[in-house]
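Build me a model from this:
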Amino acid sequence: MDGINLNALSENATRLGMRIQETIAEHTRDLSLTRGGSSLFDMADDKAKNITKQLESSSDREKLDAMKRLIALISKNRPVSSYFPAVVKNVASPNLELRKLVYIYLLRCAPSEPDLALLSINTFQRDLADPSPLIRAMALRVLSGIRVPTVATIVLMAVRKSAADPSPYVRKAAALAVMKVYKLDQAHHTTLLDIMTTLLRDRSPLSLGTAVLALDTIAPSRLDLLHVHFRRLCRALPDIDAWGQVDVLRVLVRYARTMLPKPVTASERQGEEVDKDLKLLLSCAEPLFMNKNPAVVLAVARAFYYLAPSSMLSKIGAPLLRLLSVSREVERVALAYLLVVARSHPALFITSHNRLFVRADDAEQVKRTKISVLLALCTVDNHQTLLREFVDYAQDTDDSVVGDAIHAIGRIAGLVPSSTPQCLAVLMGMINSKQDAIVSNAVLVLKSLVQNQLLTPSSTSTYDSRNFLSTTAVQAPLSIIAQLARRIDDIRHPHARACVLWLVGQYGSAPGTGTTVEGLADWAPDVLRKAARSFNTEASLVKLQTLTLAAKLILLAPTHRTLTLLAQHVLTLARYDEDWDVRDRARMLRALLVGVVAGVVNSNDKEDVGENWNKEEQVGRLGVVLRREQVIRVLFEGKTGTIEEEPVASEYARPLGTLSLVMENESLHLRDDDDNETVIDLPEWLEQGIDPALRDSDDDAPQVALSSMAPAISSQGVSFHRVPAPAGLTPDVLAPTGESTPKDTKDWRDLNKFYASESESEEEEEDGEGVEEGSGIDEDSDEDEGTSQDEEGVAEAAEHDPGPSHERIP
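The predicted structure follows:
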C-alpha cells in the first residue's frame, strides 16, 4: 500500500513539474513578444511568410503573434494588403486583444483595398448589437473609419442607431463618427444635423463634450442649435472630460459673443451690468482654473479674457503664472497668453514681475517673450530693476536675445523719461563692446533716443534742421553723434552704419564752430571720406545713406571745393552701381544739386568743377533748376519725425487660442486633415443680444418639492420605478420612491450652513424615533383607515377638478 502511494505521488509530481515547465515557457514566450519589440521589427523574411499560417491557426496565441508582426510591418511601411482575406476572418474573434489589432489593420488597409473591406461590413453591423458597449463602440469606430464612399449610407445608419444607444461610451463614439461621415460625404449634412440634435440632448458628460465638438465641426455657424442647451452645458462643464472642456469652452465663448449682450463696465454706468447667462458661464468655468490639464486652464483664461467684465479679470493672473512651472513646453504657450494679457492689463502681473525673469537655461523664444512681458510691466517703481536685468540680458550668447534686450533699454527711456540719461550712458558703454551684435543694436537704439532728445522742447528752445543753438541741453545728443561718427569704422552692421550716416548728415551742421570746413562739424567730412573709400563694398542701404550724406554736406558747405569733388566722386561711383535703387538715387541727387553747384561755381569764376557738373546734367535735358534754399527744404525738412518704435502692434491681432499666437506667424491657420480651414475668428459683441427666452428649457422650470408629497407616499421599504425620458433622451433615470426621496433639494454652496442643517436634521430624527416608538401600535391600527380616506379624497378631487393639478394631496 505504501509502495502504491509512493508511485502515485511520484507520478503526480512528475506531471506537475512538466505542467509548470510548460506554463513557464508559455509565459516567457508571451513576455518576449510583448516586451521584446525588436524581435517583431527585425524578423526575417521566412517568419513573414508564416504569418498567413499563423492567422489560419486555431490558437489565439499564434493569431495574436501574427497580428503583432503585421502591425510591425505596417509601421515599417511594408505592403501587407496580401494578408487582408486572412485577417478579415478573425474580425469576429472572441479574443478582445486580437480583435483590436484586427481593427487597427482594417483602418490602415481599407482605403487601399475597398472591395475586400466590404467583406467585414456585415461583421461590424452584427457587433453593433453586441451586449458589450466596448465592442459596440469599437465596431462603430472601425466602421466609420473605413473611408470607402460606397459604405457612407451604411455608416450613417449605424451612427443613427448608436446615437440612441443606452451606453454613453457608444454615444461618444457616435459623435466622433458624425465628423468622419461628414468628411467622407457632405451630402448627408441634413441627416447629420438631425443626429446632432439627438446627441445634444444627452445628459451624460462623457458624450456631451464630443457632441459639441462634432457640431462645431460639421456646422460651425449653427450656434442656434445650442439655445436650449446653453445653460445645461454650462452646468455640466465641470463634469466633462478635460479635452471636452476645452472644446466646449471654445464653442461657448463664440456663442456668448454672438448671442449674449456685451457686459457694461462700471465706468460707463453706475454699476456693472452682466447678463445672467454670462454670469452662469463664468461661474461654472471658474473652478476649472484649478484643473491639472494646462489646456483647460488656458481655455478658461481665454474665456475670461474675452467675456468677463473688468472686475473679474484679476482671476486670470495666478493660474497663468502657475503654468510657468509645469514644463518647458507649457511655459512657452503660457507666456504667449500672458504677453497678450499683460499688454492690455499690466496691473494683473506688476507685483509678480520677478517670476518672469530670464533664466540661463531658457530657450531662445522663451527669453524673448519674457523680455517682451517684462517690458509691458515696466513702471516708474520697477524700471531700475528691469533696466539692470536688461543690461545683463544684453550679454547673452544669442544675438536675437541681445537685440531684444538692448531695444528694451531704449523702450524704458521712452516709458520713463526720467531714466533717459541712465539709458544713454548704458548704451554708450555698449558701443565700446567687441561684439558686433551689441554695437549695432546699441547704435540703432541711440539713433531713436537722440532724435527724441533733439525733438523734446526741454532739450531745444528753438530747433532748426540746419542750425542748432549752442546750449548745454543740445550738446549732449550732439556729443553722442560725434562719438558715433568717430567709431564709424568699428560699426559693421549695415543698418547701424546707415543710421550713423543719417545722423551725421541730418545733425552735422555747426555754424561758426567748424575748423576744417566752415558750417560743418569737424567729424562730418571725415565720415564722408571713410564712406567713399569703402563705397563699392558696402551694402545697398549704406550706399543710399552715403549719397544722401554727400548731398547734404554740399548744401551745408557749397563753397568747399574738396568736399564738392568728394561728393562728385561718390555720385560717379553710384552712377555705375549694379543696384538700380542706388543709380536712381544718384541720378535724382545730381539733378537736385545742379543749381546749387553751378551757381557757386559761376560766382567764383571757376570752370572746372561747376562746368563739368553742369554739362553732365543739363546736356539734352530740360527742366526746372531748384535754388539752394529749395533743395535744403527737400533734403532736410520733415525728416526729424522718423522715430523707430518697437513693432508690437501686430501681436494684438493674434487672438488667444490660435497657433499663430504661439508660433508668431500670421500665415498659420488651424486646418484639419482635409484642408478645411477651421473657424478661429472671434466675433464681435452684440449690444443687446438675443431674447433670453430662447435659452429656456425644461431644466429651468420650477420643480415641485418632493418632500411635500411625503405623506402620500408609502413608507414600506424602498422601491424604484423607471421614469420615462422625454423624446430624444436615451438614458433612463432610476428615481427612488418611499423614504429614500430627498426631503431637501436645496443646492448647498455654503459648507457651514450645510453642516449646520445636517446636525439639525439628525436631532429631528432622534426626536422622531422616540415618538414613533410610543405610537407604533396606533399607526398600525389606523393604517388601513387612513389609506381608505386618502383614496376617497383623491376621488372627490378628481370629480371637482378633472385637469392636472400640482397641489399637495391632502
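
Compute the distance between residue 355 and residue 307, please.
Here the criterion is CB to CB, to the nearest Å. By it, residue 355 lies 26 Å from residue 307. Placement of C-beta: from N, CA and C, glycine included.

And the two? Which one has more around it.
The residue with more neighbours, out of residue 355 and residue 307, is residue 307; 21 against 11, by other CB atoms under 10 Å.

I'd like to know how many residues surround the spatially closest residue to the more buried one that is not a sequence neighbour.
Counting by CB to CB, 6 or more residues apart in numbering, the nearest residue to residue 307 once its immediate chain neighbours are dropped is residue 256, at 5.4 Å. Residue 256: 26 surrounding residues under other CB under 10 Å.

Number the chain from 2, please
Shifting the count to begin at 2 puts that one at residue 257.

What strand or helix carries residue 257?
According to DSSP states H and E, residue 257 maps onto helix 243-260.

Quick one: low-confidence residue ranges for the chain.
2-5, 23-24, 26-50, 267-272, 457-476, 511-520, 599-624, 639-654, 666-682, 701-811 (pLDDT under 70).

For residue 451, give me its contacts.
The contact partners of residue 451, taken as CB atoms under 8 Å, 6 or more residues apart in numbering, are 478, 481, 482, 504, 508.

Out of those residues, which sit inside helices?
Residues of these located in helices (DSSP state H): 478, 481, 482, 504, 508.

Surely the first one touches residue 455?
Yes. Assessed by CB atoms under 8 Å, residue 478 is found in contact with residue 455 at 5.3 Å.

Give me the common contacts of these two.
residue 508.

I'd like the distance between the most centrally placed residue in the chain and residue 310.
The centroid of the chain falls nearest to residue 658 when counting by CA atoms, centre = their mean (3.2 Å). Residue 658 sits 20 Å away from residue 310, going by CB to CB.

now swap in residue 231 and tell me
19 Å.

Which residues outside the helix holding residue 257 are in contact with it?
The contact list for helix 243-260, computed with CB under 8 Å, 6+ apart, reads 206, 209-211, 213-214, 216-217, 224, 227-228, 231, 234-235, 238, 241, 278-279, 282, 286, 289, 292, 294, 296-297, 300-301, 303-304, 307-308, 658, 680, 683-687, 690-691.

neighbours of residue 283, just the number please.
By other CB under 10 Å, 21 other residues sit near residue 283.

Next, it: secondary structure please.
Recorded secondary structure, residue 283: helix (DSSP: H, G, I helix; E, B strand; the rest coil).

right, and it touches residue 306 too?
No. Taking CB under 8 Å as the definition, residue 283 is not a contact partner of residue 306, at 11.5 Å.

mind listing the strands for the chain?
Using DSSP state E, the strands found in the chain span residues 719-724, 734-739.

what's the residue nearest to residue 86 when sequence neighbours are not counted in contact with, if anything?
Distance criterion CB to CB, 6+ apart; nearest residue to residue 86, sequence neighbours excluded, is residue 117 at 6.6 Å. Contacts for residue 117 (CB under 8 Å, 6+ apart) come out as 82, 85, 86, 89.

Among those residues, which ones are in helices?
Using DSSP H, the contacts of residue 117 in helices are 85, 86, 89.

Distance check, the second one against residue 416.
With distances defined as CB to CB, the gap from residue 86 to residue 416 amounts to 74 Å.

Likewise for the last one?
For residue 89, the distance to residue 416 under the criterion CB to CB works out to 70 Å.

Looking at those two, which one has more neighbours?
A count of neighbours by other CB under 10 Å puts residue 89 above the other of residue 89 and residue 416, at 20 against 15.

what's the spacing between the more buried one and residue 98?
18 Å.

for residue 307, same thing?
Using CB to CB, residue 307 is found at 46 Å from residue 98.

quick one, which of those two is more surrounded?
residue 307 (16 against 12).

Not counting residues beside it along the chain, what's closest to that one?
Closest to residue 307 by CB to CB, 6+ apart is residue 254, at 5.8 Å.

What is the burial count for that neighbour?
With other CB under 10 Å as criterion, residue 254 counts 23.

ditto for the one 5 residues further on
Using other CB under 10 Å as the criterion, residue 259 is surrounded by 17 other residues.

ditto for the one 5 residues further on
Around residue 264 sit 19 other residues, with neighbours defined as other CB under 10 Å.

Next up, the contacts around the closest residue to residue 115 other than its chain neighbours.
Leaving aside its sequence neighbours, residue 115 sits nearest to residue 149 (CB to CB, 6+ apart; 4.4 Å). The contact partners of residue 149, by CB under 8 Å, 6+ apart, come to 111, 112, 115, 118, 119.

Next: residue 421.
414, 450, 453, 454.

For the closest residue in space to the first one that isn't next to it in sequence, give its distance to residue 206.
The spatial neighbour of residue 414 that comes closest, neighbours along the chain excluded (CB to CB, 6+ apart), is residue 424 at 4.0 Å. Residue 424 sits at a distance of 56 Å from residue 206 (criterion: CB to CB).

So which of the two has more stuff around it?
Taking neighbours as other CB under 10 Å, residue 424 and residue 206 compare with residue 424 leading, 23 against 18.

Residue 130: neighbour count?
Residues near residue 130, counting by other CB under 10 Å, number 10.

What's the separation between the closest residue to residue 657 other than its chain neighbours and residue 290?
Nearest residue to residue 657, sequence neighbours excluded (CB to CB, 6+ apart): residue 303, at 4.4 Å. Computed with CB to CB, the distance linking residue 303 and residue 290 is 12 Å.

More neighbours: which of these two?
For residue 303 versus residue 290, neighbours defined as other CB under 10 Å are more numerous around residue 303 (23 against 17).

I figured that one was touching residue 662, is that so?
No. Here residue 303 lies out of contact with residue 662, judged by CB under 8 Å, at a distance of 10.3 Å.

Name the residues contacting each of the two.
By CB under 8 Å, 6+ apart, residue 303 and residue 662 have these common neighbours: residue 338.

what's the residue nearest to residue 635 when sequence neighbours are not counted in contact with, if anything?
Nearest non-adjacent residue to residue 635, counting by CB to CB, 6+ apart: residue 593, 6.7 Å away. When contacts are counted by CB under 8 Å, 6+ apart, residue 593 touches 552, 627, 632, 635, 636.

Just want to check the distance between residue 593 and residue 509.
With the distance defined as CB to CB, residue 593 ends up 18 Å from residue 509.

ok, now residue 685?
Taking CB to CB as the measure, residue 685 falls 52 Å from residue 509.

okay, the two: which has more neighbours?
Under the neighbour definition other CB under 10 Å, residue 685 and residue 509 were set side by side, and residue 509 has more, 28 against 9.

which non-adjacent residue is nearest the more buried one?
In space, residue 509 is closest to residue 525, 3.6 Å off (CB to CB, 6+ apart).
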